[in-house]
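>>> structure here, sequence nowhere to be found:
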């Protein structure tokens, strides 16, 4: 990560992720063809699966030259697994989000999965508000 990128606050990380996710809609379930017009509608009509995944973090690459991806999975009412990913998010923003996760993991003394789950919860809460 270039040294001149500022560290983001939690509120900024949530905003960056919400903006990116908002741009992923509308989405259609490939199986039942249900259309989710907004992220809010998606949240109300799917069930999250496990914790979000960060392949960059799994690989120990907090500043990837090319992101391996970050995913949040949920099941549609028909049972099909749907994924929201960081594909298309600017690399500098991915670096900033990963840096925030690393800082928070160390500050809280927890595993990255806990911080990823917390972050998904905060993004979801705001989208549902």
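Arrived safely. These figures come from a predicted structure and were not determined experimentally. Numbers count the residues shown, from 1 in each chain.
>>> what about residue 88, how many residues nearby?
8 (other Cβ atoms under 10 Å). Any C-beta I mention is one placed from the backbone N, CA and C, and that applies to glycine too.
>>> let me know the helix or strand that it is in.
Taking DSSP states H and E as the definition, one finds residue 88 inside no helix or strand.
>>> wait, it sits on residue 20?
Yes: Residue 88 is within contact range of residue 20, at 7.3 Å (criterion: Cβ atoms under 8 Å).
>>> buried residues of stretch 21-31, list them for me.
21, 25, 27, 29 (16 or more other Cβ atoms under 10 Å).
>>> how about the contacts made by residue 14?
With contacts defined as Cβ atoms under 8 Å, 6 or more residues apart in numbering, the neighbours of residue 14 are 119, 122-123, 126.
>>> next step: the residues you listed restricted to helices.
Mapping the contacts of residue 14 onto helices (DSSP state H) picks out 119, 122-123, 126.
>>> redo those as a markdown table? Include neighbour count.
Formatted as a markdown table, those follow (neighbours: other Cβ atoms under 10 Å):
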| residue | neighbour count |
| --- | --- |
| 119 | 21 |
| 122 | 16 |
| 123 | 23 |
| 126 | 15 |
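>>> poorly predicted segments of this structure, please.
The chain contains residues with pLDDT under 70 at 1-3.
>>> any figure for the gap between the residue nearest to residue 61 when sequence neighbours are not counted and residue 58?
Leaving out its chain neighbours, the residue that sits closest to residue 61 by Cβ to Cβ, 6 or more residues apart in numbering is residue 68, at 7.2 Å. To residue 58, residue 68 is 8 Å away according to Cβ to Cβ, to the nearest Å.
>>> residue 116: what's it in contact with?
51-54, 57, 101.
>>> let's see it at 6 Å
Counting by Cβ atoms under 6 Å, 6 or more residues apart in numbering, residue 116 touches 51-52.
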